[in-house]
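Undergrad: Below is the structure, and that's it, no one-letter string:
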């Protein structure tokens with residue numbers, strides 16, 4: 001039982017040790033298992049590791065909890081995806097607050113070529129629900145993975161429509177896998193397992209506490225190429241997800257609503273402040289994300305003298321240093337939204353300067 005997941009689960013159980021601290025400990029120790037071999041003196045040498053964390057690492061019994069969790073996973077067909085696993089959502093890896101470990105129950109690949117999250121109010125209007133269904137219908141030709149939070153309202157509509165349309169979809173939970181919240185979505189969640197699944201960073205026994213939902217929202221944003229907001233007040237989980245997406249250089253889209261409708265205030269504000277593209281149909285997403293472009297065109301022979309604008313030059317310089325990089329890593333390092341970056345990468349491919357590699361990576365010719 002003493003495998004990587006066993007030690008990673010044990011590490012995640014340590015009080016006051018979140019993703020950033022856990023990665024710091026692993027980096028210093030040289031491995032997950034090695035963290036538990038560090039002495040008190042060695043732990044105190046790690047920057048940012050204080051008395052309370054040291055005491056928690058040395059005094060708490062983390063391994064019983066890890067063994068219990070692994071038995072629960074085996075019983076219910078749940079996979080533990082640590083950040084080194086190829087099944088872990090690769091789009092999340094480039095953010096320092098990404099979970100050390102994710103628990104997954106389902107059948108779908110989490111690393112689809114195109115991923116779209118849909119979030120919104122828990123009390124949508126018929127306009128909101130209809131808009132959500134039309135967007136999903138329009139997205140189907142582009143074969144995306146749909147992601148949402150399995151909450152009431154727009155989330156449920158997005159999951160239900162995806163199931164009906166046979167589009168793979170993932171529900172990211174704000175609690176452990178031993179429950180479904182809200183309970184009314186249990187039947188829907190079971191259907192999602194056939195072509196999609198459920199994902200969480202929380203172990204069994206962890207309930208749907210208020211502070212867990214912003215944590216869930218950051219995963220939804222990080223996993224997505226596109227975040228769509230459909231009906232939202234000025235504050236709430238949907239806006240938090242959109243702001244996470246902005247910070248992660250993801251592309252946010254919002255469906256506008258009437259100016260006197262509280263449930264559209266958040267969407268209208270995102271558009272007004274240039275924090276979201278105005279969304280009328282799925283075609284808007286395809287156009288901005290360049291999903292309609294034929295990227296299979298043969299590359300043009302590169303020349304010795306490169307005609308590059310400043311943004312293209314920054315991509316060229318980065319790939320010259322790194323050899324090859326995932327598109328999300330390029331986006332994060334250069335602080336470029338994916339839609340802008342996609343246009344630049346496509347142009348540079350046509351110029352014969354860069355080449356597309358498996359797994360959404362790019363390198364120089």
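TA: Yep, it's here. In this text the structure is predicted, and so the values were computed from the model without any measurement.
Undergrad: any idea how far residue 127 is from residue 265?
TA: 14 Å (CB to CB, to the nearest Å). The way it works is simple: take the backbone N, C-alpha and C, and place the C-beta from them, glycine included.
Undergrad: neighbour-wise, which of these two wins?
TA: residue 265 (19 against 16; other CB atoms under 10 Å).
Undergrad: What sits closest to residue 307 if chain neighbours are left out?
TA: Leaving aside its chain neighbours, residue 307 sits nearest to residue 351 (7.7 Å; criterion: CB to CB, 6 or more residues apart in numbering).
Undergrad: which element is residue 103 on?
TA: Element membership for residue 103, per DSSP states H and E: strand 101-106.
Undergrad: Residues contacting the helix or strand just after that strand, please?
TA: For strand 101-106, the following helix or strand on the C-terminal side (DSSP H and E) is strand 115-120. By CB atoms under 8 Å, 6 or more residues apart in numbering, the surrounding residues in contact with strand 115-120 are 91, 128, 132, 135-136, 139, 144-149, 153-155, 158, 217, 220-221, 223-232, 237-238, 241-242, 285.
Undergrad: How about the contacts made by residue 226?
TA: For residue 226, the contact set (CB under 8 Å, 6+ apart) comprises 115-117, 250-253, 285, 289, 338.
Undergrad: Out of those, which comes closest to residue 363?
TA: Of all the contacts of residue 226, the one sitting nearest residue 363 is residue 338; the distance, using CB to CB, is 18.2 Å.
Undergrad: Now do the phi/psi pair for the closest one.
TA: Summarising the backbone geometry of residue 338 under the convention degrees, to the nearest 10, its torsions are phi -60, psi -40.
Undergrad: what's across from residue 253 in the sheet?
TA: When bridges are assigned using DSSP bridges, the partners listed for residue 253 are residue 228, residue 277.
Undergrad: Scan the contacts of residue 226 and report the most crowded one.
TA: Once you tally neighbours by other CB under 10 Å, residue 117 ends up highest among the contacts of residue 226, having 32 neighbours.
Undergrad: What's the separation between it and residue 254?
TA: 13 Å.
Undergrad: cool, residue 101 as well?
TA: Per CB to CB, residue 101 is found 32 Å from residue 254.
Undergrad: ok, now residue 143?
TA: When CB to CB is the yardstick, residue 143 and residue 254 sit 23 Å from each other.
Undergrad: So for the two, which residue has more residues nearby?
TA: Set side by side, residue 143 and residue 254 give different neighbour counts by other CB under 10 Å, the larger being at residue 254 (28 against 12).
Undergrad: ok, now which ones touch that one?
TA: By CB under 8 Å, 6+ apart, residue 254 lies in contact with 228-230, 232, 242, 266-268, 270-271, 276-279.
Undergrad: could you redo the last one with a cut-off of 6 Å?
TA: When contacts are counted by CB atoms under 6 Å, 6 or more residues apart in numbering, residue 254 touches 229, 267, 270-271, 276.
Undergrad: I'd like the contacts of residue 226 as a markdown table, with pLDDT and distance to residue 182 appended.
TA: Supplementary listing: the contacts of residue 226 in a markdown table, determined by pLDDT from 0 to 100; distance: CB to CB, whole Å:
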| residue | pLDDT | distance to residue 182 |
| --- | --- | --- |
| 115 | 97 | 24 |
| 116 | 98 | 23 |
| 117 | 98 | 19 |
| 250 | 95 | 27 |
| 251 | 96 | 29 |
| 252 | 98 | 26 |
| 253 | 98 | 26 |
| 285 | 97 | 29 |
| 289 | 94 | 32 |
| 338 | 89 | 32 |
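Undergrad: would you list these in TSV and tack on distance to residue 308?
TA: Rendered in TSV, the data for those read as follows (distance: CB to CB, whole Å):
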residue	distance to residue 308
115	29
116	31
117	33
250	25
251	24
252	28
253	29
285	28
289	23
338	20
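Undergrad: Closest one to residue 28 out of those, please.
TA: Using CB to CB, the shortest approach to residue 28 within the contacts of residue 226 belongs to residue 250, at 30.6 Å.
Undergrad: which residues sit in contact with that closest one?
TA: Taking CB under 6 Å, 6+ apart, we find residue 250 in contact with 224, 227.
Undergrad: Could you rerun that using 10 Å?
TA: By CB atoms under 10 Å, 6 or more residues apart in numbering, the contact set of residue 250 is 91, 115, 117, 221-227, 241-242, 244, 328, 331, 337-339.
Undergrad: Over to residue 181?
TA: Taking CB under 10 Å, 6+ apart as the contact definition, residue 181 lies against 150-151, 173-175, 189, 207-208, 212.
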